[in-house]
Structures are given as C-alpha cells and as structure tokens.
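In: structure of the sequence below:
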Amino acid sequence: MIRVLFVCLGNICRSPMAEYVFKDMVKKRNLSDKFYIASAGTSDEEAGNGVHRGTKSKLKEVGIDTSEKRAVQLKKEDYSRFDYIIGMEKSNLFSMERIFGGDPEHKVMRLLDLASHPRDIADPWYTGNFDKTYEDVYEGCQILLEHICEREGISC
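Out: Numbers count the residues shown, from 1 in each chain. Okay, here's the model as predicted:
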C-alpha cells in the first residue's frame, strides 16, 4: 500500500482539498486498494475542526464530499507512516522538517514541485480564491499520481 500525506498549515483548506481530490482521482482509476491517503496540518490551531466552508463548497461543486474530515496535527511519527509527504508551500516544508527532525529519505516535497512551473499553492484562507487553489491542487494531484504510478510500477 502506498501511503500519501498532504500537509498545510491548519488542515482545513489546501491539504484536505488535495487529500479528497487525490482520493477521487485514485478511485476513478480503480486504484483505491493500492493507496492510503490522508492530510494533516503543521499547526494545532484548527485540530478537530471541519473543512473550511470555501473548500467544502468548491469540492461539492465537483461532486466531492468532505463532511467527515476533521483537522489533525502532523506528528513526528507520520514520517515513518507515509511514503510521500506533500506540502502546499515552502513554509510547510520547513515546518515539516522541523517536526520530523529532517528528511533523510527525501519523502517531503511541495505538491507543485513536479509541475512545469513549480510553485506554492496560495492559501485561500488569505486570498479567498478557492477556484484558483482548486486548479493548482488538481494540477498537482494529476502530476503526483502519474509520478507515483511510474515510480511504483503501477498502471494508471
């Protein structure tokens, strides 16, 4: 089983969006039995809260339900529990490496690091632009899934 963890600051906007978009892509390709997909935040300030209404609304538009998701905080032991640990922006990577005590196995990367135009995914908490965040998350998830399938020898 391939274990993928998406990470942002609070785990209510970008990382749950990526988690659920990626789950949807995996499901549509009949690969759900090969993946375990989750998300977490580097901060504990939103722990226990549901997905932000903007993320929930945007994903509902595309037929994805996030009603069961509750924010959780990233833990040091998550490093050994996951194969791919995907941050949304550079500051997430710094926080993740601090929490993990480094990245000796090179599991940590940004979602859009593999894109033709690598970049951070802007936080819609501040921008209010959940459409743009969704476009970037969707692009990143497509590229990530292809990368993982190629690397793991899975037909996607």
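In: now stretch 142-150, how far from the chain's geometric center?
Out: Relative to the chain's own centre, stretch 142-150 is displaced by 14 Å; criterion: C-alpha atoms, centre = their mean, to the nearest Å.
In: next: stretch 35-51.
Out: 10 Å.
In: for it, buried residues please.
Out: For stretch 35-51, the buried set under the neighbour-count rule, 16 or more other C-beta atoms under 10 Å, comprises Phe35, Ile37, Ala38, Ser39, Ala40, Gly41, Thr42, Glu46, Gly50, Val51. C-beta here means a position set from N, CA and C on the backbone, and glycine is covered the same way.
In: could you do stretch 118-125 as well?
Out: Using 16+ other C-beta under 10 Å as the test for burial, stretch 118-125 gives Asp120, Ile121, Asp123, Pro124, Trp125.
In: pull the longest helix from this structure.
Out: Determined from DSSP state H, the single longest helix within the chain is helix 130-152.
In: who are the packing partners of it?
Out: strand 2-8, helix 14-28, helix 53-61, strand 84-87, helix 124-127 (3 or more C-beta pairs under 8 Å, 6 or more residues apart in numbering; DSSP states H and E).
In: select, out of the ones you listed, the one closest to Asp78.
Out: Closest approach to Asp78 among these (C-beta to C-beta): strand 2-8, 6.1 Å.
In: name the residues that touch the closest one?
Out: 14-16, 18-19, 22, 34-42, 74, 78, 81-89, 92, 96, 111, 123, 144, 148, 152, 154 (C-beta atoms under 8 Å, 6 or more residues apart in numbering).
In: residues in contact with stretch 144-156?
Out: Contacting residues not belonging to stretch 144-156 are listed as Ile2, Val4, Phe22, Met25, Val26, Arg29, Leu31, Lys34, Tyr84, Ile86, Leu111, Leu114 [C-beta under 8 Å, 6+ apart].
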